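In: Provided below are the primary sequence and the corresponding predicted coordinates.
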Amino acid sequence: MRILLGITGGIAAYKAADLARLLTHQGHQVRSILTEAGARFITPLTLTSLTGGPCYGANPDQGEWRANPSIEHIELARWADLVAVVPATANIIGKAANGLASDLLSTVLLATRAQVLWAPAMNTGMWEHPAVQANLARLRTFGHAVVDPGEGVLACGEEGSGKLADLLTIAEAIQFHGTPKLSSLIGRRVLITAGPTREDLDPVRTLTNRSTGAMGIELARAFRDAGAKVQLVLGGDLPAPWGLETIRVRSAQQMLEACKAHWPQADGLVAAAAVADQRPESPSTQKVKKVEGTEMLSLVRTPDILAQLSSQRRPGQWVIGFAAESEDHLVHAMAKLQKKSLDAVLVNDIQDGQAFGAQANTLIPVTDQGPQPALGPLPKDQLAQAVVQWWAQRLGAGPV
Ligand code: CTP
C-alpha cells in the first residue's frame, strides 16, 4: 500500500517515526509530510532514513527536505492509497474539518481522494473540547477514519484521554482502511477457529500442541480487511487482533460451545485451530502427586468441531478446513474433504519444518475439483491474504 504519513506538532511525533518504520517493515511504501510544528519534534532525516522514501515539508533549507512547489500537493494526493495523520493535533483537525489549506499537509488533505485516517493526540482538555469533537464528527461524515486516543499519563503531566493510540492498533487500522474490499465478502459473517486447545490433566499440567495460532489470526485479519465481519474463536496466548470479535477459549469443548453459539448466524467457517484430538479421561481438580514407576494416562476423544458444524450447516453456508500432513498430503486432504463434507481443505506440508511456528508457509487448496495451484511460499500475513483472495474469487464465481 502507498501510505502518506502526515506528522504534526505534538510530542507524540517521535512515536510516528516508529510507526513509519513499522509500516515500511510490513512492506508498505511510505512517504512523509512533516509540518513546521512537527519538525520541532523530529527531523526529516529520521523519516527518510526509516522509510527509504522522501519526506516533504515547507522548509526548503534542509538537505533531504523537499521544497514545496505549487503542484506537489496534487501529485502526493494522487500518489497515496491512504493518508494517515499521526499524531494529529487539534489544529490540523480543525483545518481539515473546515476545508482550510494553508500548508502542504492541509492542502494534500483537501486534494486527496484517498482514504484519510486520523490518530489524534493532545491534552485531555483539548481532546474533550466540543470544538475538537465537532470537527472530528465532521471529518467522519467525509468518510475519514479516526483511531481514538487512549488514556494514560500525558506529556503535560495530566492523566486522562488524549494519549496517541497504540502503534500496532494504528497500523492495523491503516491496513484495514487501506485494503480494497471484496464484493463477495463485504458484510459476510465469517467464523474462524484458531490456535491450540489445551486439555488440563490437573490444575498445573496440560495437554496441548505446538500451534501458535498465528495463521488463523492472520486469516481473521485478512477476512476483516476484505470487508467480512469476523468472529474469531481463539485458543493459545497470542494477542487478539484489532477490529474483530475474539472469543477466547481453552479446551476443545469450550471451542465447540463458542462456535455453536455463533455458527447459525455465520455465512462461512474457516477451521484453522489445531484442536487437541484427545483429552484426559478424568482430569483432576487437585494437583496429582508423582508416583514411582510407569504411569498410564487414559485419553478420550474430543469433539470434532469442524465435522459437527459442517453437519449442521444450512444451505449457503460454506466450510473450509485445514490439514497438516507429513505424507500423501493430497490423498489425505481429499479424504478429509469428503468425510467432513467441506468446500475446501487447505493442506499444510509439515514435513520440512513449515507450518508450526514458521515464518513462511505454503498452502495447497483442495476442492471437489481436486488440488488447486499452491499458494505461497509466503509470510503468513501475505499467505492469508492470498487465501482470502482465492476464496473470494470462488465465492464470486457462484455458489460453492
Ligand atoms: N478439527 C476440529 N476439531 C477437532 C479436530 C480437528 O475442528 N477435534 C479441525 C481442524 O481445525 C482442521 C481439521 O479439522 O481444520 C483437521 O482435521 P483432522 O482430521 O483433525 O486432521 P489432522 O489432525 O491433521 O489429521 P489426522 O488426525 O487424520 O492425522
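Out: Sure thing, it's come through. Just so it is clear, the model here is predicted, and its values are computed rather than measured. Numbers count the residues shown, from 1 in each chain.

In: could you pull up the residues touching the residue lying closest to Gln26 once chain neighbours are set aside?
Out: Of all residues beyond its chain neighbours, the one nearest Gln26 is Ala171 (6.9 Å), with distances taken as Cβ to Cβ, 6 or more residues apart in numbering. The C-beta positions use only the backbone N, C-alpha and C, and glycine is treated the same way. The contact partners of Ala171, taken as Cβ atoms under 8 Å, 6 or more residues apart in numbering, are 19, 22-23, 26.

In: filter those residues down to the ones in helices?
Out: Counted as lying in helices by DSSP state H, out of these, are 19, 22-23.

In: please, which helix or strand holds the residue positioned nearest the centre of the chain?
Out: With distances taken as Cα atoms, centre = their mean, the residue of the chain nearest its centroid is Arg221 (3.7 Å). According to DSSP states H and E, Arg221 maps onto helix 214-225.

In: same question for Ile33.
Out: strand 29-34.

In: how about the helix or strand following that strand: buried residues?
Out: As assigned by DSSP H and E, the chain's next helix or strand after strand 29-34 is helix 44-51. The neighbour-count criterion (16 or more other Cβ atoms under 10 Å) identifies 44, 46-48, 50-51 as the buried residues of helix 44-51.

In: got the angle for the helix or strand hosting Gln175 vs helix 214-225?
Out: Per DSSP H and E, Gln175 falls inside helix 167-178. Going by axes from the mean of the first three to the mean of the last three Cα atoms, to 10 degrees, helix 167-178 is angled at 50 degrees with respect to helix 214-225.

In: for helix 167-178, buried residues please.
Out: 167, 169-178.

In: still on that earlier bit, and the contacts of Ala171 as a markdown table, adding pLDDT and neighbour count?
Out: Shown next, in a markdown table, are the contacts of Ala171 (pLDDT from 0 to 100; neighbours: other Cβ atoms under 10 Å):
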| residue | pLDDT | neighbour count |
| --- | --- | --- |
| Leu19 | 98 | 25 |
| Leu22 | 98 | 17 |
| Leu23 | 98 | 24 |
| Gln26 | 93 | 15 |
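
In: with respect to the ligand, which of those is nearest?
Out: For these, the closest approach to the ligand (Cβ to the nearest ligand atom) belongs to Gln26, at 27.4 Å.

In: what's stretch 286-301 in contact with?
Out: For stretch 286-301, using Cβ under 8 Å, 6+ apart, the contacting residues are 201-205, 277-282.

In: try it again at 10 Å.
Out: Under the contact criterion Cβ atoms under 10 Å, 6 or more residues apart in numbering, stretch 286-301 has outside partners 199, 201-205, 207, 252, 276-282.

In: just the ones of those in helices?
Out: Using DSSP H, the contacts of stretch 286-301 in helices are Ala252.

In: ok so, going back, can you name the element that comes right after the helix holding Gln175?
Out: strand 189-194.

In: how far out from the middle of the chain is that following strand?
Out: 14 Å (Cα atoms, centre = their mean, to the nearest Å).

In: wondering if the helix or strand where Ser310 lies reaches the ligand at all.
Out: Ser310 is part of helix 305-311, with elements assigned from DSSP H and E. Yes. Residues of helix 305-311 contacting the ligand under Cβ under 6 Å from any ligand atom: 305-306.

In: taking helix 167-178 as reference, get the angle to the one helix or strand Val116 maps to.
Out: When elements are assigned from DSSP H and E, Val116 belongs to strand 115-120. For strand 115-120 against helix 167-178, the angle by the same axes, to 10 degrees is 160 degrees.

In: give me the mean pLDDT for strand 115-120.
Out: Averaging pLDDT along strand 115-120 gives 98.

In: sheet partners, orientation included, of that strand?
Out: strand 82-88 (parallel), strand 145-146 (parallel) (DSSP bridges).

In: hmm, who's touching the last one?
Out: So the one you mean is strand 145-146. By Cβ under 10 Å, 6+ apart, the list of residues contacting strand 145-146 reads 82, 84, 88, 93, 115-120, 136-137, 139-140, 165, 173-174, 176-178.

In: just give the number of residues close to the closest residue to Trp263 other than its chain neighbours.
Out: Excluding the flanking residues, the one nearest Trp263 by Cβ to Cβ, 6+ apart is Leu309, at 5.2 Å. Around Leu309 there are 22 other residues, counting by other Cβ atoms under 10 Å.

In: and Leu309, what does it touch?
Out: So Leu309 contacts 191, 193, 256, 259-260, 262-263, 266, 269, 271, 317, 319, 340 (Cβ under 10 Å, 6+ apart).

In: make it 8 Å
Out: So Leu309 contacts 259-260, 263, 269, 271, 319 (Cβ under 8 Å, 6+ apart).

In: do Lys95 as well
Out: Lys95 touches 101-102, 106, 109, counting by Cβ under 8 Å, 6+ apart.

In: can you do 7 Å?
Out: 102, 106 (Cβ atoms under 7 Å, 6 or more residues apart in numbering).

In: residue ranges of each domain in this protein, please.
Out: The chain breaks down by automatic domain parsing into domains covering 2-178, 189-279+296-396.

In: so which of the contacts of Leu309 are in strands?
Out: Cross-referencing those against strands under DSSP state E gives 269, 271, 319.
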